[in-house]
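[1] Have a look at this prediction, sequence included:
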Amino acid sequence: MKAAQPFEFVTASYLIRIGGQEAGNLLSLQQGIENCSDASMFYHTFQSLGRHHFLNEGFSNDFAQWVLGSCNRPALAERLASLDIRDYVSIAELREDLKRMLAEFCAEWPREAAQSAFEKFHFCETVEEEVPLGSAGTLEEFRSGLETLPHASMQFHFLTSRLRLHLRTNDFSHWFDEVLGLKRLARTVERIDIYTNTLDGVRERIVELVEREMKA
Amino acid sequence: MSTTAAPPRVNKLDDYAGLLGAGEIAELRALAARLEGRSIQMVNSTSVGGGVAEMLIRIVPLIEELNLPIRWDVITGGDDFFAVTKAFHNALHGGAFDMPEESFQTFLAYSEQNRGRLRFDADFTVIHDPQPVAMIESRAANGLWIWRCHIDVSQPHRRVWDFLAPYVARYDAAIFSSPAFARQLPIPQILFYPSIDPLSDKNRELEPEAIQEVLEIYGIERTRPILLQVSRFDRLKDPVGVVRAYQLVKRYYDCQLVLAGGSASDDPEGEAVLAEVREAAGKDADIHILDLPPWSALEVNALQRAATIIIQKSMREGFGLTVTEGLWKKKPVVASAVGGIPLQVIHKQTGLLSHSVEGTAYQIRFLLSNPAIARRLGEQGHEHVREQFLITSNVRRYLTLFLHFSARA
C-alpha cells in the first residue's frame, strides 16, 4: 500500500548550551525550575530520557537523578521520577508539576531543603538542528528505514514528537493512523513503554509490529 | 610490550560502523552534507603530545572524510612563550601566578608573530585553549570563531583571567568540557564532553593472549579478583586511600590491587606520593604498584580489560577519562562523586559512586559479591560511553555547532 503522504525520517542533533544558572540545594533547584528556559526544561526531561535510552529502569529525568545522587532524598526523587513525559504536550505543564512537587517538599522539610548538595546542579539547555534522512512511502520502506535509524532520530520521532504535535502520540503512530488508517498498529506502538524498554528495544518491537501488519 | 610510542593509526569512519551501527555513521554524513563547501580550521599549540593534539590527530581525518575541507595549524613560540603559557595554564586552574608584567608582552609578541605566519580564511575557526587565544585579532568580517577551552577555568587567577577575558569575549562562542568548568561570559557557552577513541591502542579490543602477556609481565593473577586504579601518583587521586579501601576489602575477599600510574621521575611530589603508597602497601605481595612510561597505552588497555573492578577514588577530578575508558570496557566502576565523574557514573545505573575510603570499600565488596549487578553496570556504562563520550560524538557536536552558527549567520 502506497501512502498518500510519505513518512519523513528526520534526525535531530543537539548542542548543549550551558545556562549559567545552578542549584546547590533543593530550594535553589525549585527557583531554577521556575526561572529556566523551556529549552532547559526540555534538556533535563525529554532529552535526558533520550540520552539515557539504554537504561530500562530507575532513570527518568536529570532533576530526579540529582535529588537522589547529590541530595540523597530518595522519596522526593521517586516522586520527580514518576512524572511520565508522555503525559505532557507542553513544557509549561511539566514545569508546573515539577514546581509543585518541589514546593510541597520544601514547605514540609525546610531544613532538608536548605542543605547543601554534594555536587551542584547546572542548568543547561538544548539547541536543536533538524536534518532530513529520507522518506518512506510504504510500510516496507518504513520498516527498512526504521531498522537503521540512528538513536537521535528515534528520540525525535518517538519521544519529543508530543511537543511538536501537541498530541499524546508519537510521529510513527500519527502516520500509521492519520495517513495509513492503521489505527490498531498506531495504538499498539503508542503503548510501548519507553521507561521500561531501551530505545533499541522499542525499535525492535515496532519493526516486529510492522512486519506483523505487513503479513496480515 | 612496547618500548616507544607508535604513531596512531588513522581510522576511517566506516571502521566505527561496527561499534556504533551504520545508521549513526550515515547520520554524520547527512549532517556534514548540509555544510558542503564550508571550510574549517583548527588551531592549537602542539602537534604531538597532550590530550588536545591526540584528539585532533584523530578527529581531523574523520571530518576530512566527510568532505569538509579542514586545516590544522599549530602556533609556534620560543621557550619564553611556553613558559608564560604554562604559567597561564596553572593560574587558570586556580594556582599562583608570579610571572612579571613583561610576560604578558611576551605572550602578545609571539601571538602577533603567529598571526603574521598563519592564514585565517576558513568559515569556521576553532581555537584550542589559551595559548592561541589572541589569534582572534586576525578575525575577518566573515567566518565564525569558536574558542574551545579544554581546561577548568571556574576558579582562575584573577590577573591572568582579566588579561585573557577580553580576547575570549570576541569569539562567537566558547566550548567547555563540563558546566562546572565554565565562567560567566558575554558569549554563548557550549558543552562538549571529552571523548575517547574506541579504536585507539588504549581502548581497542585485545586478544586474550595479549592481556595475559601483560599480566604475566607484572605478576598479576587472572584467577583472583583484580581491583585497578589507573592514575598518576598524585595526592588528588588518593592512591593511599585506594590502598586503605583495598585493605578493608581484603578482610573478606582474596583479591589483588593494581595501582598503575605515570612515571614519577620528573615530579618531586609524585615521588613523595609513590613513597607514601609503598609505605601504605607494606609487604603485601598482592598490591602491584606499576610506574608505567607514557607510551603504555596497550598495557593500560590490557590491565583495564583484565580488571574485575575499576576504581577512581579522586579527591578532585577534571573529567576523568580513565573512568570513561573503564566504562567502555564494560567494567563496573567505583568512583568518587567529584568533577566530571558523576556525568559518567550514574549511581547504581552505570557504576557506583562513593565519598570515603569506607564507602569505596563497601561498594567494591558489594560488587564482588553481586557479579550479575556488576555485569549490568558494566554493560550500561558501555552504552553510556557509546552514546556520549566517543570521538564520533565529538564529530557530531562540531557538525551541529557549525550548522547552528551557519543558520544564524
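    Good, I have the coordinates. Residues are numbered from 1 along each chain as shown, chains lettered A, B, ... in the order given.

[2] Please parse chain A into its domains.
    Domains of chain A are assigned by automatic domain parsing as A:8-12+A:130-215, A:14-125.

[3] can you confirm B:I311 is in a strand?
    Yes - when DSSP: H, G, I helix; E, B strand; the rest coil is applied, B:I311 is found to be in a strand.

[4] so what's the closest residue to it other than its chain neighbours up against?
    Among residues not flanking B:I311 along the chain, B:Q229 sits closest, at 4.4 Å (Cβ to Cβ, 6 or more residues apart in numbering or on different chains). All C-beta atoms are positioned from the backbone trio N, CA, C, and that covers glycine. Contact analysis of B:Q229 by Cβ atoms under 8 Å, 6 or more residues apart in numbering or on different chains lists B:237, B:239, B:242, B:258-260, B:310-313.

[5] Next, B:L327: phi, psi?
    Note on B:L327: its backbone torsions stand at phi -60, psi -40 [degrees, to the nearest 10].

[6] and it, how many neighbours does it have?
    B:L327: 29 surrounding residues under other Cβ atoms under 10 Å in any protein chain shown.

[7] Equivalent analysis for A:V210, please.
    Here the number of neighbours of A:V210 (other Cβ under 10 Å) works out to 22.

[8] likewise B:T223?
    B:T223 - counted by other Cβ under 10 Å - has 7 other residues nearby.

[9] now stretch A:19-32, how far from the chain's geometric center?
    Relative to its chain's centre, stretch A:19-32 lies at 22 Å (Cα atoms, centre = their mean, to the nearest Å).

[10] How many neighbouring residues does A:S116 have?
    A:S116 has 11 neighbours, counted by other Cβ under 10 Å.

[11] From the contact counts, what lies against the helix or strand of chain A with the lowest mean pLDDT?
    Taking mean pLDDT, DSSP states H and E as the measure, chain A has helix A:161-165 as its least confident helix or strand, at a mean of 82. Judged by 3 or more Cβ pairs under 8 Å, 6 or more residues apart in numbering or on different chains; DSSP states H and E, the packing partners of helix A:161-165 are helix A:171-178.

[12] Next, the buried residues of the helix it packs on.
    A:171-177 (16 or more other Cβ atoms under 10 Å in any protein chain shown).

[13] just checking, what packs against it?
    Partner elements for helix A:171-178 (3+ Cβ pairs under 8 Å, 6+ apart): strand A:7-23, helix A:151-158, helix A:161-165, helix A:183-190.

[14] what sits against residue 77?
    The chain I'm using is chain A. By Cβ under 8 Å, 6+ apart, A:A77 lies in contact with A:64-65, A:67-68, A:71.

[15] ah, no, chain B please
    By Cβ under 8 Å, 6+ apart, B:G77 lies in contact with B:45, B:85, B:110, B:113-114, B:131.

[16] top of those by neighbour count?
    With neighbours taken as other Cβ under 10 Å, the top of these is B:Q131, carrying 27 neighbours.

[17] where's that residue relative to chain A, distance?
    23 Å (Cβ to the nearest Cβ, to the nearest Å).

[18] Same question for B:G23.
    4 Å.

[19] since we're on that residue, how many residues are nearby?
    For B:G23, the tally of surrounding residues (other Cβ under 10 Å) stands at 20.

[20] by how many degrees do the helix or strand containing it and helix A:151-158 diverge?
    Per DSSP states H and E: B:G23 is located in helix B:22-33. Helix B:22-33 and helix A:151-158 meet at an angle of 90 degrees, taking axes from the mean of the first three to the mean of the last three Cα atoms, to 10 degrees as the criterion.
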